[in-house]
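*Asks:* structure for this input, please:
(one chain, ligands or ions: 1)
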Amino acid sequence: MSGTPHRIEPAPALPAPAPTWWRRPGLDVVDGRLSVNGADLEALLAEHGAPLFVYDLARPVENMRSLQAALQRAGLPYVTRFALKSCPDPRILAVLRAMGEPGTPDGVGIDACSPGEVLHALSHGWAPDAISHTGTNVSDRDFDVLLAHPIRINLDGVSQLERLGRRAPGRTVGIRVNPGAGAGYNEGLAYAGERPTKFGVTPDRLDDAIAAARRHGLNVDTMHFHAGSGWLGDQLHEFEAALVNATRLLDRLLEAGFPIREVNVGGGLGRVARDAEPPVDIDAYAGVIARHLKPYGVTASFEPGDFVMKDVALLLGEVVSVERRGDTTFVGLDIGWNVNCEAFIYGYAQEVVPVRDTMRPRTQLVTVAGHINEAGDLFAQDYPFPDVAEGEPVAILNAGGYQQAMAMTHCLRPTGTAVYLERQPERPERRPGRPAAR
Ligand SMILES: Cc1ncc(COP(=O)(O)O)c(C=O)c1O
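*Replies:* Numbering: from 1, shown residues only. Prediction:
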């Protein structure tokens, strides 16, 4: 089920220094101990029990602002919408909603992928026109709910165009295309490629999509694509290849006479999880999009999930066992893949950090394992780790995106609790640029 790792790192010479990529305002070492916004994590764990998500309420704002600032610097008219599926928690939604009116440079709309998410966004303060729905295998029952609200709807197949067109002829819609090239942390996270994926209208079906839109008088004003998720700094060229392919499809939609005014480039920006992984250069990303889309005079829209949420939270638990089996040392935690699915489902690398004496050198290679009765419930293998004692608190980093949203009761293990810690967000550098549109 899990994908291949982004990079196979050679086993380091031991002892290795503690990783440092993750240190940032609000997540740091205080008096030798890991701390979020100045709070003592061991005390929080003792109070709430494991698994415990610890969220930094300033971080989603900082991350979203950094993207908005790069788009401003690139002089690109833009709209940002938060991918709700990555974290539907009301406290996170509140800080994003408070950033400004959706459609203004500072504001944040919502990217929804189901009727449930649309209703959730509406009940948490977003107006219908600030919500964009892009769904897969959307049923007629789903359309009944979606069409009851004047939200933006992107249709990701000829079938969707036909079925929505019959129900709502003349409606304004977007078309999600499949650009035939993708970018992802690994192959499984690329949402387009030579082999068709289940998403979007592929180039060979675009004429059928155009015909269906015409037949029902649909006003297509948006083209959407999502290249994939979790891609990193050395993969910008892969995203750019998808964007270039998408602009060819944009040309065809424009030639067909549709008044496209928005190109939605999806989400997908990844966050590093190891010292060796290259971060995305957000200005380079904004620059690539500006270069390819400015000539069209369209608004670019963005729907990041992980880029906003991944480093917002960590997941606390305890080392319950240190056990040698053959040539492998297993460090067993009271956390399972039911709350920490990043490695199991997506193949993301995970970083595990001791709460006490956080920066002590890594002296051994271990396998970090969870408490679900499945062999694949592993968080890291051949992983440099310090000597740890049973009972020690540890943190799994990058736990803010998707993890809690996807938590399940497998083996009737707990789905975890969460605390939300406040901090004043830092402001990114902002040079004057063209204002956001709409
Ligand atoms: C259409 C669409 N938009 C946005 C996202 C958010 O992706 P990410 O969290 O990688 O930014 C996804 C994720 O699957 C998606 O499918």
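*Asks:* can you give me the end-to-end distance of stretch 147-166?
*Replies:* Criterion CA to CA, to the nearest Å; first-to-last residue distance in stretch 147-166 is 12 Å.
*Asks:* now do stretch 303-322
*Replies:* Using CA to CA, the distance between the terminal residues of stretch 303-322 is 41 Å.
*Asks:* ok, which stretches of the chain are helices?
*Replies:* In the chain, the segments counted as helices under DSSP state H are 41-48, 59-73, 90-97, 115-123, 140-146, 158-167, 206-215, 236-255, 282-293, 306-309.
*Asks:* what's the closest non-adjacent residue to residue 416?
*Replies:* Spatially, and ignoring its direct neighbours in sequence, residue 416 is nearest to residue 51 (3.8 Å; CB to CB, 6 or more residues apart in numbering). C-beta coordinates here come from the backbone N, C-alpha and C atoms, glycine included.
*Asks:* before we move on, back to that, closest one to the ligand among the helices of the chain?
*Replies:* helix 306-309 (3.8 Å; CB to the nearest ligand atom).
*Asks:* that closest one close to the ligand?
*Replies:* Yes. Using CB under 6 Å from any ligand atom, helix 306-309 comes into contact with the ligand via 306, 307.
*Asks:* which strands and helices sit next to that helix?
*Replies:* helix 59-73 (3 or more CB pairs under 8 Å, 6 or more residues apart in numbering; DSSP states H and E).
*Asks:* helix 90-97 and the helix it packs on, what's the angle between them?
*Replies:* Here helix 59-73 runs at an angle of 20 degrees relative to helix 90-97 (axes from the mean of the first three to the mean of the last three CA atoms, to 10 degrees).
*Asks:* and helix 59-73, does that touch the ligand?
*Replies:* No. Counting by CB under 6 Å from any ligand atom, the ligand is not contacted by helix 59-73; separation bottoms out at 10.5 Å.
*Asks:* tell me what that helix is packed against?
*Replies:* Secondary-structure packing of helix 59-73 (3+ CB pairs under 8 Å, 6+ apart): strand 78-83, helix 90-97, helix 282-293, strand 299-302, helix 306-309.
*Asks:* give me the neighbour count for the residue nearest to residue 416.
*Replies:* Burial of residue 51 is recorded as 30 neighbouring residues (other CB atoms under 10 Å).
*Asks:* make sure it is actually in contact with residue 317.
*Replies:* Yes. Residue 51 lies in contact with residue 317 (CB atoms under 8 Å); the separation is 5.3 Å.
*Asks:* anything in contact with each of these two?
*Replies:* 334, 335 (CB atoms under 8 Å, 6 or more residues apart in numbering).
*Asks:* got a list of what the residue of the stretch 151-300 of the chain found nearest the ligand touches?
*Replies:* Nearest residue of the stretch 151-300 of the chain to the ligand, counting by CB to the nearest ligand atom: residue 267, 2.5 Å away. Residues near residue 267 by CB under 8 Å, 6+ apart: 83, 111, 226, 229, 302, 303, 304, 305, 306, 307.
*Asks:* hmm, try it at 7 Å
*Replies:* Residues counted as contacts of residue 267 (CB atoms under 7 Å, 6 or more residues apart in numbering) are 83, 226, 229, 303, 304, 305.
*Asks:* if we can go back for a sec, ranking the helices of the chain by burial, who's on top?
*Replies:* helix 306-309 (a mean of 28; mean count of other CB atoms under 10 Å).
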